[in-house]
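**Q** sequence and predicted structure below; questions after.
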Amino acid sequence: MYKCVVVYLVVVVACFAPSASKAGCTEPINDPEFHGIVEERTSIVVNWLADCDYSSFNFRWERPGKPAAQSQLDGGERRFILKNRHSNTVYTFSLQGCDKPLVGRSTCTEWISETILSCGSRTNPCEHPRGIVHPVRLKSATGKCLDVHALDRGKNGGRVQVWDCNGEDQQTWIFRDKALMTTNGKCLDVQFDQQNKNGGRVQVWDCNGTPPQQWRMDGKTIRSAAGKCLDVHFADQAKNGGLVQVWDCSGERQQRWNGQSW
């Protein structure tokens with residue numbers, strides 16, 4: 001008589017969650033991120049953080065009127081040193097993390113950018129730095145930039161106008177302590193006896209902290225301490241040299257401004 005032996009085969013299926021690839025790790029837009037920018041005597045040190053294990057970083061820097069330059073750094077790097085910096089200059093730094101060292105075959109994050117104004121001006125002296133300064137350009141609804149007439153940049157009473165955006169010093173502004181400051185230390189100012197008048201003259205003047213130099217962003221408008229709005233003369237909105245004034249706030253197109261990083 002035969003005895004049958006039943007053999008049960010137990011098949012063990014091991015399930016492993018796929019490890020996150022470097023390519024998959026490039027999805028979050030906020031990774032990597034800038035951690036700090038330090039100005040030294042002749043250089044600027046840019047630091048960043050990254051949780052993902054990137055194979056490489058693309059780092060780009062540019063300043064107005066000059067072509068952008070770019071370097072590829074090893075994934076273990078977390079800083080870039082820009083040597084021979086220029087004083088009182090707008091620099092834009094951009095960074096992305098990539099899963100391969102070859103740019104053409106890499107999957108990379110979106111670019112992140114940081115814009116600073118390097119020290120060396122009356123507004124931001126290197127001897128007494130106030131920390132990293134982030135300049136803005138103030139762009140009208142018609143695409144013109146708030147501008148100081150080039151020949152008037154250093155003059156009290158200098159003309160303020162709108163002009164094609166060009167990245168020059170006369171279009172670089174800094175918000176500080178309610179003031180809108182130029183890089184050479186002048187402040188956006190309403191002529192004292194015209195603060196409450198429609199059509200009041202807007203100019204630049206030595207910064208003094210008085211109400212004619214106090215401004216605040218309110219949505220898309222820039223309001224004076226007297227409650228008027230920064231306004232482009234209606235007929236001049238699309239013209240280079242268009243007159244800038246103060247006027248009762250109305251929300252009209254000529255009073256809309258966009259404060260953008262450079």
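**A** Cool, the structure landed.
**Q** any stretches of the stretch 51-200 of the chain with poor pLDDT?
**A** The stretch 51-200 of the chain contains residues with pLDDT under 70 at 102-104, 129.
**Q** can you give me the strands in it?
**A** 56-62, 69-74, 79-83, 90-98, 112-117, 136-140, 144-148, 158-164, 173-176, 179-182, 186-190, 200-206 (DSSP state E, counting those that start in this stretch).
**Q** near the closest residue to residue 70 other than its chain neighbours, how many other residues are there?
**A** The shortest distance from residue 70 to any non-neighbouring residue, by C-beta to C-beta, 6 or more residues apart in numbering, is to residue 60 (4.4 Å). Quick note: C-beta positions are derived from backbone N, CA and C, even for glycine. Applying other C-beta atoms under 10 Å, we find 16 residues neighbouring residue 60.
**Q** ok, now residue 240?
**A** By other C-beta under 10 Å, the residues close to residue 240 number 11.
**Q** same question for residue 239.
**A** The criterion is other C-beta under 10 Å. On that basis, residue 239 has 15 neighbouring residues.
**Q** quick one: contacts for it?
**A** Residues touching residue 239, when contacts are defined by C-beta atoms under 8 Å, 6 or more residues apart in numbering, comprise residue 162.
**Q** now do it against residue 162, distance only.
**A** In this structure, residue 239 and residue 162 are separated by 8 Å, where distance is defined by C-beta to C-beta, to the nearest Å.
**Q** which residues does residue 145 bridge with?
**A** Residues in a beta bridge with residue 145, per DSSP bridges, are residue 139, residue 163.
**Q** in this structure it contacts residue 138, no?
**A** Yes - under the criterion of C-beta atoms under 8 Å, residue 145 lies in contact with residue 138, with a separation of 6.6 Å.
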